[in-house]
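Novice: Would you be able to build a 3D model of this:
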Amino acid sequence: MFIACISIIIYSIGTIQAQTIQDIGKVVLGVKVLSSASSETQNHKDFVCNKIRQIVTQAGYSSYGDNTFIISPNVIINDVSIAEGGMRNIYIISGELTLSIQDQDNGTVFTTTSLPFKGSAIKKDVAIKNAISNIDFHTAADFFEIGKTKILSYYEDQENLIFARADSYVMNKEYDEAITCLMTIPEELYDLHKKALIRANEIYELRDEEFRRQEEEDIHEENENILNRARSFLAMHNPTDALKTLWNYKIGDENQDQSYYSMISQAEKLITETEKRAIEKEKQEYIDQKERLERQLVIQEKEIALEKQQIEYEHTESIQELQLERQRIEAIKAVAFEYLKSHNYSSNIN
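Specialist: Purely as a prediction, here's the structure:
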């Protein structure tokens, strides 16, 4: 049951993607209008949710999506009166906005509050929106602080299960999922987040090793295809196309390299010196164009890296204590961010 809860944290965080990389490491509080909410809440759902999301962000949370931890609003109208206002009557609305922070997986309500409101306008709907906009949300500071404390306690209680879940992902070579799992632990839990970063760094290195291994396999497979195509051209007495095909071969595997050099030698023996010079010139033009494209890609990657370096992280001292390079920390968080951005999951885990 508890492991399922941790699964829901990870999957539901991906239901709607993280907004920026800065969301990684923050306490995430989604905004959700429950089916039991009043008709006024349902009718003004988008307006209410956007307003609450702004307030949640100002309270130090990150807010996106339908997460495990949510704040649910409910608009209650206590009184509607109409005052004469010359050419048009004016609606005067009074009531309260109730808010509850809860774990929507098991229904546990961490804290609730009720905020009174009053507003007016010539249209009832506009009067309701004005009333909600007039609420002094500063009076809810304690409410948000209590909710955050309860959520942080939840992560502390589930520490072993979160790390166990990350390790299970690693066993399946699901490294991005493992890193994302660990990066859901809020930075405000200083020691626990530090522990998660250390483990995430270890997983990141395993991820790099797997990428390198996969890249070697891909190169080996592509080289084999190139060699086979070159053999076919040689079998058809077409040394020119065989040589052109071998332009894309990448030196690496010893056995493949022997075949490569053997075919180069075989093909060159079948062409004249004039043909050889023409092919060498064409090859150089091909290589120059390829290098230009690679340089453009490097420039683009550097620009992206510079943008990431401009991001400010909290707990700089704790990152330094970890003795991890800043660039690595950014890379770890970027893995979690990109994973959340590209994966949409339902929060219902059976």
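
Novice: where does the stretch 251-350 of the chain dip in pLDDT?
Specialist: Counting by pLDDT under 70, the stretch 251-350 of the chain contains low-confidence residues at 301-325, 343-350.

Novice: quick one, helices of it?
Specialist: Under the criterion DSSP state H, counting those that start in this stretch, the stretch 251-350 of the chain contains helices at 254-268, 273-309, 316-321, 326-342.

Novice: out of those helices, which comes closest to A140?
Specialist: Of all the helices of the stretch 251-350 of the chain, helix 326-342 sits nearest to A140, with 27.7 Å by Cβ to Cβ. Heads up, the C-betas are built off the backbone N, CA and C, glycines and all.

Novice: Off-centre distance for that closest one?
Specialist: How far helix 326-342 lies from its chain's middle: 7 Å, per Cα atoms, centre = their mean, to the nearest Å.

Novice: What helices and strands are in contact with that helix?
Specialist: helix 175-183, helix 190-235, helix 273-309 (3 or more Cβ pairs under 8 Å, 6 or more residues apart in numbering; DSSP states H and E).

Novice: which helices and strands sit right next to the first one?
Specialist: Applying 3+ Cβ pairs under 8 Å, 6+ apart, we find helix 175-183 packed against helix 2-13, helix 159-171, helix 190-235, helix 326-342.

Novice: Next, the buried residues of the second one.
Specialist: For helix 159-171, burial by neighbour count (16 or more other Cβ atoms under 10 Å) applies to 161-163, 165-166, 169-170.

Novice: Looking at those, which is nearest L182?
Specialist: Using Cβ to Cβ, A166 is the member of the buried residues of helix 159-171 that sits closest to L182, with 5.1 Å.

Novice: I'd assumed E202 was in contact with the closest one.
Specialist: No: judged on Cβ atoms under 8 Å, A166 makes no contact with E202 at a distance of 10.2 Å.

Novice: Check the closest residue to V33 other than its chain neighbours and give its pLDDT.
Specialist: Spatial nearest neighbour of V33, excluding adjacent residues (Cβ to Cβ, 6 or more residues apart in numbering): K45 at 5.1 Å. On the pLDDT scale, K45 is placed at 94.

Novice: And the one 10 residues further on, by the same measure?
Specialist: At I55, the model reports a pLDDT of 91.

Novice: residue contacts, it?
Specialist: By Cβ atoms under 8 Å, 6 or more residues apart in numbering, the contact set of I55 is 137, 140.

Novice: Show me what L97 is bridged to.
Specialist: With DSSP bridges as the criterion, L97 is bridged to V75, L115.

Novice: neighbours around it, how many?
Specialist: Neighbour count of L97, defined by other Cβ atoms under 10 Å: 22.

Novice: and the gap between it and S63?
Specialist: Remark: distance between L97 and S63 (Cβ to Cβ, to the nearest Å) = 17 Å.

Novice: returning to what we had before: can I get the helices and strands packed on helix 326-342 in a markdown table with distance to T112 and mean neighbour count?
Specialist: A markdown table is the format used below for the helices and strands packed on helix 326-342 (distance: least, Cβ to Cβ, whole Å; neighbours: other Cβ atoms under 10 Å):
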| stretch | distance to T112 | mean neighbour count |
| --- | --- | --- |
| helix 175-183 | 30 | 25 |
| helix 190-235 | 27 | 15 |
| helix 273-309 | 39 | 11 |
